[in-house]
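Asker: Predicted model, plus sequence, below.
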Amino acid sequence: MIMTAFTGLAFTSFTNQHEQGPAKAFKPNWWFWLTMTGLGLGATASIKWVGLFTIAWVGSLTIVQLWVLLGDYKNVTPRLFVKHVLARVFCLIVIPVTFYMAMFAIHFACLVNPGEGDGFMSSEFQSTLNSKAMQDVPVDVALGSRVSIRHHNTQGGYLHSHNLMYPGGSKQQQITLYPHKDENNVWLLENTTQPLDVNGEAINGSLAWDNITPPAYLKDNDVIKLWHIPTMRRLHSHDVRPPVTEADWQNEVSAYGYDGFEGDANDFFRVEIVKAKSDGVEAKKRVRTIETKFRLIHVMTGCALFSHKVKLPDWASEQQEVTCAKQGTLPNSIWYIEQNEHPQLGPDAEKVNYKNPGFLGKFLELQKVMWQTNAGLVDSHAWDSRPSSWPILRRGINFWGKDHRQIYLIGNPIVWWSSSLAVAIFAIFQGIALLRWQRGYKDFENTVFKRFDYEIGTFVLGWAFHYFPFYLMQRQLFLHHYFPALYFAVLALCQMYDFISSRVPGIGLRNRPYIGNIGAVVFLALTMVVFGLYSPLAYGDPWTQSACKKVKLFDTWDWDCNTFYHDVSVGVPTWRPQNREGRP
């Protein structure tokens, strides 16, 4: 709100400079306010994306200004017009974009440690954070490799298991997607058959591939088993419904077996390299750490190892569900190997690591994640409200309640309703003016009429830009989303009052300024009185039920008056003087 107000002040001041004519252009004050407008736009958008509506407001009015300049062929030469255009491009596009990106550069420079929100970012982004970076690992993946397998989608959790069982279904060991590095993420890649020694005898045991030279690299369409090293069970699937997503096209995935048990055919998964997602020619032929993206197809049922943004209950620590999906979307069934270790791949083996995305890559990714996260806030909320209810102040937001006190966001009805009335009056005025213009009336040749239309229209346009786009949003919305629009509505109200009280001829007020001054004082006094009446809701002060009910004008103002005491003195501790010993 502060930066929206600053931008409104700067652009209005620039407009005042601009309207003094082409001769006043490019003077220090002209440049100063144009530059301040650009900085304000950058700051507004950096704080909250609602600033994009402020950019649209300034941009549309700038186009109008340039259009008028283009028609002033007597005073504005083509060369001067180009100069005007370039000045605005620099101050209203280059400066805001530079400021906006600079804020993220500072953000990246200061916030170098991982936190709760880093799970939303890609693996490449996370690798630039302290303690999230990893050392180079062997690029070749072979049978016998100890690997951590990461999901390509849903913020890249790790394929994970732990020594806890599903409470239903097969009641076998849980398989989940876990967002952090952990020893329970480590799997050993096995062939479906054991390797043979020089005598043609099978070498038994899960570690049989450790001494096979050269290593048997994992290729496209190889069928493997995944042995969970910490619990000595293998990744397993079968025709049993998952614990949460009980869809017919999804099967449960579990960890099954015990030490010495060779497993069964339900442990077999076929590696299917997704060539379009894999990086490099070799990564499309055989599995390479980080570079190769692949699917794991369950041989017996044809389903693909799959995860989505569904959380398991408390019995799985609310980790993400992993299933085997027969019709799973491609992004949710793609995996890749992040950590890779094999006894045969020593220090001289070819290594790989995440590519550093650089500032621009991190910047663009963060914009995308912010957009997706905002758009994803579609769940219902107890204090959600829709845009149609905002101008009439139909309901507020409950923030806090304790000890017979409450904090509830509700606007000042005097300011709120009068500003909405001003917008409505201007809309009616515009409709009538348009009809009269169509009928040939020359209203717009009147200077006061034209200034009334332009000056108030400027702020009503700002109100519209900050209000109507919310009708297109399906996300959670609250009363506070109306605040920037309210700011412009209040400016329109003040401008309209100025015209009526001191600028419109023929109604007798222009020559009696004291009447307008008295009206302004009365309005401000009434506003302050109403603010005082509702201030206990703003500050959580003690209040009485009777006082609450007197000012609760509508049932949709859904704070609870029964929360408060009958007598305000009951909720205020009494003070008693102390004697010299400090006792009452």
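Answerer: Done, it's in. Note that the coordinates shown come from a computational prediction; the quantities given were computed from them, not determined experimentally.
Asker: At which residues are the helices of the protein located?
Answerer: Applying DSSP state H to the chain gives helices spanning 2-18, 28-47, 51-71, 78-89, 95-110, 123-126, 358-375, 413-438, 447-467, 483-502, 513-539, 545-551.
Asker: Select from those the stretch with the lowest mean pLDDT.
Answerer: Confidence, taken as mean pLDDT, is least for helix 123-126 of the helices of the chain (a mean of 84).
Asker: Show me what that one is in contact with.
Answerer: Applying C-beta atoms under 8 Å, 6 or more residues apart in numbering, the external contacts of helix 123-126 come out as 114, 118, 132, 150, 156, 338, 354-357, 361-362, 365-366. C-beta coordinates here come from the backbone N, C-alpha and C atoms, glycine included.
Asker: filter these to the buried ones?
Answerer: For the contacts of helix 123-126, a neighbour count by 16 or more other C-beta atoms under 10 Å gives the buried set as 132, 150, 156, 338, 354, 357, 362, 365-366.
Asker: Export those as a markdown table, with columns for distance to Trp67.
Answerer: Listed next are the buried ones among the contacts of helix 123-126 as a markdown table, based on distance: C-beta to C-beta, whole Å:
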| residue | distance to Trp67 |
| --- | --- |
| Lys132 | 51 |
| Arg150 | 54 |
| Gly156 | 49 |
| Glu338 | 55 |
| Tyr354 | 50 |
| Pro357 | 41 |
| Lys362 | 39 |
| Glu365 | 38 |
| Leu366 | 36 |
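Asker: now, the most widely separated pair of those?
Answerer: Maximum pairwise distance among those (C-beta to C-beta): 21.3 Å, between Glu338 and Leu366.
Asker: follow-up on the earlier one: can you add distance to Gly280 and give the helices of the chain back as CSV?
Answerer: Formatted as CSV, the helices of the chain follow (distance: least, C-beta to C-beta, whole Å):
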stretch, distance to Gly280
helix 2-18, 46
helix 28-47, 38
helix 51-71, 39
helix 78-89, 41
helix 95-110, 28
helix 123-126, 16
helix 358-375, 19
helix 413-438, 59
helix 447-467, 47
helix 483-502, 48
helix 513-539, 60
helix 545-551, 69
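Asker: right, and these - which one's nearest Trp400?
Answerer: For Trp400, the closest of the helices of the chain is helix 513-539, at 10.4 Å, according to C-beta to C-beta.
Asker: just checking, Asn356 touches Ala133?
Answerer: No. Look at Asn356 against Ala133 with C-beta atoms under 8 Å: they stay out of range, at 9.7 Å.
Asker: what's the burial count for Met165?
Answerer: Met165 has 15 neighbouring residues, counting by other C-beta atoms under 10 Å.
Asker: For it, list each beta-bridge partner.
Answerer: Assessed by DSSP bridges, Met165 has beta-bridge partners Gln173.
Asker: Now do it against Asp264, distance only.
Answerer: Distance from Met165 to Asp264, counting by C-beta to C-beta, to the nearest Å: 19 Å.
Asker: which neighbours do Asn356 and Ala133 share?
Answerer: With C-beta under 8 Å, 6+ apart as the test, Asn356 and Ala133 both reach Ser127.
Asker: residues touching the residue lying closest to Leu330 once chain neighbours are set aside, list them.
Answerer: Closest residue to Leu330 apart from its sequence neighbours, by C-beta to C-beta, 6 or more residues apart in numbering: Val274 at 7.4 Å. Applying C-beta under 8 Å, 6+ apart to Val274 gives the contacts 293-295, 330, 334.
Asker: What remains of these if I keep only buried residues?
Answerer: For the contacts of Val274, a burial check counting by 16+ other C-beta under 10 Å picks out 293-295, 334.
Asker: Pro78: which of the residues you listed is nearest?
Answerer: Nearest to Pro78 among the buried ones among the contacts of Val274 is Lys293, at 54.5 Å by C-beta to C-beta.
Asker: Now that closest one: phi and psi?
Answerer: phi -110, psi 130 (degrees, to the nearest 10).
Asker: Test my guess that it contacts His152.
Answerer: Yes. The pair Lys293 / His152 is scored as a contact, 5.8 Å apart, by C-beta under 8 Å.
Asker: any common contacting residues for these two?
Answerer: With C-beta under 8 Å, 6+ apart as the test, Lys293 and His152 both reach 277, 334-336.
Asker: now for these, which pair is the farthest apart?
Answerer: Between any two of the shared contacts of Lys293 and His152 (C-beta to C-beta), the greatest distance is 10.4 Å, for Lys277 and Trp335.
Asker: Common neighbours of these two, please.
Answerer: Listed contacts common to Lys277 and Trp335 are 152, 293; contacts here mean C-beta under 8 Å, 6+ apart.
Asker: What distance do you get for the residue nearest to Leu330 to Leu296?
Answerer: Distance, Val274 to Leu296, using C-beta to C-beta: 11 Å.
Asker: In contact with Tyr318, which residues?
Answerer: Quick fix: residue 318 is Glu, not Tyr. Contact analysis of Glu318 by C-beta under 8 Å, 6+ apart lists 311-312.
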